[in-house]
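Undergrad: here is a sequence together with a model predicted from it:
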Amino acid sequence: MSGAYARGACPGLTAPMVTGDGLLARLVPAAPIRLDAFIGLCAAARAHGNGTMEISARGSLQIRGLNPVSAPLFAEAVAALAIDICESVPVIADPLPGDPAALIDANAIATALSHAAAERMLPLAPKISVVVDGGGRLDLDTLFADIRLRAAATSEGPRFHVALAGDGASATPVGIIAPGEALDAALALLTAIAELGPEARGADLLRVHKVTGARSGAAPRPVPQNRAQAIGLHPLKGGAFAFGLGLAFGHAHAEALMRLAAIASRNDARWARPAPDRALLLGPLSEANATATSREAQELGFIVEARDPRRRIVACPGAPACAQGLIAARALAAEIARDVPLPGGQGVALHVSGCAKGCAHPAPAPLTIVGTEGGCGVIANGTARAAPVRYIEPRELIAALRPASRNTLEAVNA
Ligand code: SF4
């Protein structure tokens, strides 16, 4: 894990990021985490941080509230747990181990790529990322990546579509390769990006080589697939299942996660794995034990149904956890999820941000409530940095959003 300790791009263990509630360490798991190690990780987060743990939209595990003294102690504790984390560039692969739907074992390639990039000490930009999508049950198409490998079935067997700088819909296709070529091809692309400079990204490689979507017509995009959401039951090879649950607004206290892991262990699960879309997968479980785990997880406040409205609200810690917070973002988000009907549709409906920095969701949202000196700023179809169209006192926000005063959030948005 030395590479991860040395890097510091997305904040790793030894170069945690400064945030409004102290230092934040981010781990990108490269494999499922043994439940005993997961419990040890939570205990270390509780002992050395403020106890708040998050799973990001990209499936990274974030530990908040560290400080310059406790961060090295936390890093030592994690190193002792021998958790397999990405050593250098974050490589996101299919999060379900033993996924019968996967066409290619993406995890083996992702791990090898992470190790190889660490060994070469490529001087890559901090935010470089790679997605290796074996075509499994869970969708990785929504994740942006500098380099994307996406498996698809062909008459010659499974192949990887290679694309640069985008998500599944927007990345520019650059070729189709056999699975055996994937490691070398991805490493060559990372090396080529590094050669363009320490801040270069996948888009710079396209620009330098004058590759556009039109010019890359010989390498078509893979056909989009209707894939499963992470929340719920997922079959694994051998007849077992994984159960995916969500962390409300992407966070939970270390204590709750330790209790969840103990419940899963009692139900014979052996591993936990953070997954994209702020989810945590537990497995392997029998169907009956998955149901029992789900029931107890729900009692602890975890999200066990994909239609839970908290899945469609993004919120940062806000006040008082974050010193920059001007409103209690997560507390308000919980009230909104409980009391206000969300508009129909899928994806993020609402972003509640403690301040204009918008850490939790840099992209535009249909509706953003942002903390300002003048109260809750309301922004339609913009980011937290946009100018609010109106202001509401925090104590009046729920009433203003309720159907009695406005039909739905869409009405406020109008
Ligand atoms: S957006 Fe939220 S987490 Fe980020 S600095 Fe502002 S209050 Fe803190």
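TA: Ah, there it is. Remember, it's a predicted structure, so these values are computed and weren't measured experimentally. Numbering: from 1, shown residues only.
Undergrad: can you pull out the strands in the stretch 301-414 of the chain?
TA: Using DSSP state E, counting those that start in this stretch, the strands of the stretch 301-414 of the chain run over 313-315, 350-353, 365-372, 375-382, 390-392.
Undergrad: what does the third one contact?
TA: The one in question is strand 365-372. Contact partners of strand 365-372, identified using C-beta atoms under 8 Å, 6 or more residues apart in numbering, comprise 314, 318-319, 325-327, 329, 332, 343, 348-356, 358, 376-384, 386, 388, 391, 397, 409-410, 412-413. (Glycine included, C-beta is placed from N, CA and C.)
Undergrad: cool, and the fourth one?
TA: Defining contact as C-beta under 8 Å, 6+ apart, one finds that strand 375-382 is touched by 327, 332, 364-371, 386-394, 397, 412-414.
Undergrad: now do the closest residue to residue 390 other than its chain neighbours against residue 37, distance only.
TA: In space, and not counting its chain neighbours, residue 390 is closest to residue 378: 4.9 Å by C-beta to C-beta, 6 or more residues apart in numbering. Per C-beta to C-beta, to the nearest Å, residue 378 is found 44 Å from residue 37.
Undergrad: repeat for residue 123
TA: According to C-beta to C-beta, residue 123 stands 31 Å off from residue 37.
Undergrad: and if you look at residue 329?
TA: The gap separating residue 329 from residue 37 is 31 Å, by C-beta to C-beta.
Undergrad: which of these two has more neighbours?
TA: It is residue 329, of residue 329 and residue 37, that has more neighbours when counted by other C-beta atoms under 10 Å, with 31 against 19.
Undergrad: surely the more buried one touches residue 354?
TA: Yes - counting by C-beta atoms under 8 Å, residue 329 does reach residue 354; the two are 4.3 Å apart.
Undergrad: now for those two: what residues contact both?
TA: Shared contacts of residue 329 and residue 354 (C-beta under 8 Å, 6+ apart): 316, 317, 318, 319, 371.
Undergrad: re the thing from before, specify the beta-bridge partners of the residue nearest to residue 390.
TA: Residue 378 has these beta-bridge partners by DSSP bridges: residue 369, residue 390.
Undergrad: that one: neighbour count?
TA: Neighbour count for residue 378, taken as other C-beta under 10 Å: 20.
Undergrad: how near is it to the ligand?
TA: Distance, residue 378 to the ligand, using C-beta to the nearest ligand atom, to the nearest Å: 16 Å.
Undergrad: then residue 119?
TA: Applying C-beta to the nearest ligand atom to residue 119 and the ligand gives a distance of 35 Å.
Undergrad: and that residue, what helix or strand is that in?
TA: When elements are assigned from DSSP states H and E, residue 119 belongs to helix 106-120.
Undergrad: mind checking what helix or strand follows that helix in sequence?
TA: That would be, after helix 106-120 and using DSSP H and E, strand 130-133.
Undergrad: I'd like to know the average pLDDT value across that next one.
TA: Mean pLDDT, computed over strand 130-133, is 97.
Undergrad: how far is it from where the chain is centred?
TA: Once both centres are worked out by C-alpha atoms, centre = their mean, to the nearest Å, strand 130-133 turns out to sit 13 Å from its chain's centre.
Undergrad: give the contact list for the residue of the chain found nearest the ligand.
TA: Nearest residue of the chain to the ligand: residue 354, at 2.5 Å (C-beta to the nearest ligand atom). Applying C-beta under 8 Å, 6+ apart, one finds that residue 354 lies in contact with 20, 316-319, 322, 324-329, 371.
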